[in-house]
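# structure here, sequence nowhere to be found:
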Ligand code: PEP
Ligand code: MG
């Protein structure tokens, strides 16, 4: 049988060599860029992914040929080079080529200690990473001739052969071992968890050693020019004398600073010219590679070598600032800066922090897995979290650990706390992805999932429904609602979003029910309020009483009296809202929920109500019973209530109009948008419109002042979407309420879906929970039909979406394509939505320019 020829496919990295990320991996490509920048990179040979695959399959490489690229008797290192730095790869092996002869030579040139140290390091690296011997046996306490002898002996004893002397064989073994390690199960799973595809390939680079051990100033270090947490300009990193490779990571306390520092000696003091030169390399990387790089360097007897450079690993906050600063310095364009920031990464920057000046009742600690702080009631299951979210009540999901089926619960929670897990556990990874404050591994709390309680070390017990705060920035669990600081939105954040506003072509408003929400919406620069749910305004104690009086009124007159008490409060709400929004559009939805939501549900509550209303308990109970519905979500709510009990809408309209006049008298101006909920027929709109016009006429006459308003319809029933043409006759805008529209399209209760949603998604009935991801095929079709029919009737009809889907990049893409004017989402989603909309516009432009160049 003919013997296979050794592979000769390897490439010495030079400015003109054919090296691509696809063929040779990111490291090889990055080293070529550094070479092109004329940096002092030691000679390097790149092995393509194909070559590495062949080696893994058992073919041999012409290692003598590779070593010949480096001159006589070189020492080399081998490092992994996958397509993405995040995908990891086998451990680097250094000092390949060391053997007895090379050792003897080095003793003469570098001295005994350096020679021993280098040889010993190689034996150790080879034994552990190539021969896969027990690392404990090769632990180096202090390099010495004796330690070297011991290591060589240990190798011989374990392997039944002498340590290999031939450099070509050493290199061949190292390459084979690294190529095979890449195919191992754990390596594969690890890189797949970081997004690597199943067939991700590995390239390798063989580089001449810059030793870092020897005469004069020798050592290794890492330098970067920004703070990886804030992104602000700052030199960080360390230098460790007489070291190489990753040693510095394990011996940070022995390392010195890079810049002058009062805390201790620095490289800048020790070797100012080398430091100068490093600073120059850093700035060349920044301008030419258009990125903030972390440079790995070695100094050999005062000679600097740049052996590697990677993109500085960074927090979301730093990533944003780096992109903005690069654009401000003209290194990248604003468009590129926008595209470099992932919209979902913004949410991490928006969360409140626990005020360090406030009291902290710490009851437990864990790993700070996802930053920001959140307060809420404890829930122990994802179903409970979803139920809590549908009631509008913030909750903290407390689990022993989370699993993929908890994802919907996590979406619904304000924060997450788990007993087990680390930084890469499911809860931590998902929490960070969602920008959800999260603590994992809180093992000093004991969770009792059966009795639904958490017990602290000191014996304090917290039950389901108790309020806690999770501080995902520090890892502390606090009892009660801690005092919070609003999120820090710095200049870089504002700048990037102002650039986003310059390019996006769909409006972004916020759903805001309270003055606090409206203020948040303003802070995040929403272009107005797309949905103000007025019913939330009636839940305050004083208003609830008046509301209940209204519900219990027997005649329209009694009802009018109760509503007259609510009027000034509503008016004040709207004045406040209009003033905060300073002339930006405000879309107010008329009263929507079924009335019985305002009644107490317990006997105790009924008794208190009877006392307050001075009515017999039996009457209160009878009334409550009469109001109860079998299916309140499909019952007397929304516009149905407005038609049966029109006085409620009359009062709201009067409050809105009087607020407009009050604001106008103070010098402001506002054209309110009044939105009718749960419409299903044109006649409903006609009836409400007639009453709104009548109230407006009355207010104009009474106040002697004119004002304008817009009337629109919330499309939440499939029929409203289908009949949008009719409905648009009387509406100047349509806003799609995709929460109810999803509920009604699927015939799926939004309050109960949590019970079976996991099973449905797991079994592939739905690709995703349609209450989180807009169902483009079904609900989406209704949106398209409604938009088209509405616009056919009224060309200038304003179209928007205001359900929870409004802030998802995917829904924004859908609405933008359908020609909607704006999306409205929760205030905290506004920055994400602004950036996501900018990305869409930019990606369209890129597509267009590609199309043009292809023509
Ligand atoms: C909707 O139904 O989509 C909506 C925004 O209204 P709500 O969530 O208040 O029912
Ligand atoms: Mg609704």
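Noted; the coordinates are in hand. Fair warning: this is a prediction, and the values are worked out from it, not measured in the lab. Residues are numbered from 1 along each chain as shown. Ligands and ions are numbered 1, 2, ... in the order given.
# output the contacting helices and strands for the helix or strand where residue 104 lies.
Following DSSP states H and E, one finds residue 104 within helix 100-110. Using 3 or more Cβ pairs under 8 Å, 6 or more residues apart in numbering; DSSP states H and E, the elements in contact with helix 100-110 are helix 112-125. For every residue, glycine as well, the C-beta is placed using N, CA and C.
# mind checking how far whichever residue of the stretch 401-550 of the chain sits closest to ligand 2 is from residue 511?
When you check the stretch 401-550 of the chain against ligand 2 by Cβ to the ion, the closest residue turns out to be residue 533, at 8.5 Å. Counting by Cβ to Cβ, to the nearest Å, the gap between residue 533 and residue 511 amounts to 7 Å.
# looking at the two now, which is surrounded by more residues?
Neighbour count, other Cβ atoms under 10 Å: between residue 533 and residue 511, residue 511 has more, with 25 against 20.
# so the closest residue in space to that one that isn't next to it in sequence: helix, strand or coil?
Spatially, and ignoring its direct neighbours in sequence, residue 511 is nearest to residue 531 (4.3 Å; Cβ to Cβ, 6 or more residues apart in numbering). Secondary structure for residue 531, judged by DSSP: H, G, I helix; E, B strand; the rest coil, is strand.
# from now on call the first residue 41
I'll keep to 41 as the first residue from here, and by that count the last item is residue 571.
# who's in contact with residue 571?
Counting by Cβ atoms under 8 Å, 6 or more residues apart in numbering, residue 571 makes contact with 549, 551-552, 627, 629, 715, 775, 777, 842, 864.
# apply 7 Å and report the result again.
Shown in contact with residue 571 (Cβ atoms under 7 Å, 6 or more residues apart in numbering): 551, 627, 629, 842, 864.
# what does residue 340 give?
Contact analysis of residue 340 by Cβ under 7 Å, 6+ apart lists 250-252, 254, 258.
# with residue 251 instead?
Counted by Cβ under 7 Å, 6+ apart, residue 251 has contacts 158, 258, 284, 340.
# from those, which land in helices?
Here DSSP state H is the test, and those give residue 158 as lying in helices.
# what is the neighbour count of the spatially closest residue to the residue of the stretch 441-590 of the chain closest to ligand 2 that is not a sequence neighbour?
Spatial nearest neighbour of residue 573, excluding adjacent residues (Cβ to Cβ, 6+ apart): residue 553 at 4.8 Å. When neighbours are counted by other Cβ under 10 Å, residue 553 registers 19.
# ok, the one 5 residues further on next?
Residue 558 sits with 25 neighbouring residues when counted by other Cβ under 10 Å.
# who touches the nearest residue to residue 87 once chain neighbours are set aside in this structure?
The shortest distance from residue 87 to any non-neighbouring residue, by Cβ to Cβ, 6+ apart, is to residue 244 (4.5 Å). With contact taken as Cβ under 7 Å, 6+ apart, residue 244 is in contact with 87, 92, 118, 120-121, 215, 218.
# now swap in residue 557 and tell me
When contacts are counted by Cβ under 7 Å, 6+ apart, residue 557 touches residue 867.
# please redo it, this time with the cut-off set to 10 Å
By Cβ atoms under 10 Å, 6 or more residues apart in numbering, residue 557 lies in contact with 550-551, 569, 572-573, 576, 617, 620, 866-868.
# about what we covered before: shared neighbours of residue 573 and residue 551, anything?
Counting by Cβ under 10 Å, 6+ apart, the residues touching both residue 573 and residue 551 are 557, 629, 842.
# where does the first one land on pLDDT?
In other words, residue 557. Listed pLDDT for residue 557 reads 83.
# alright, calling it a day.
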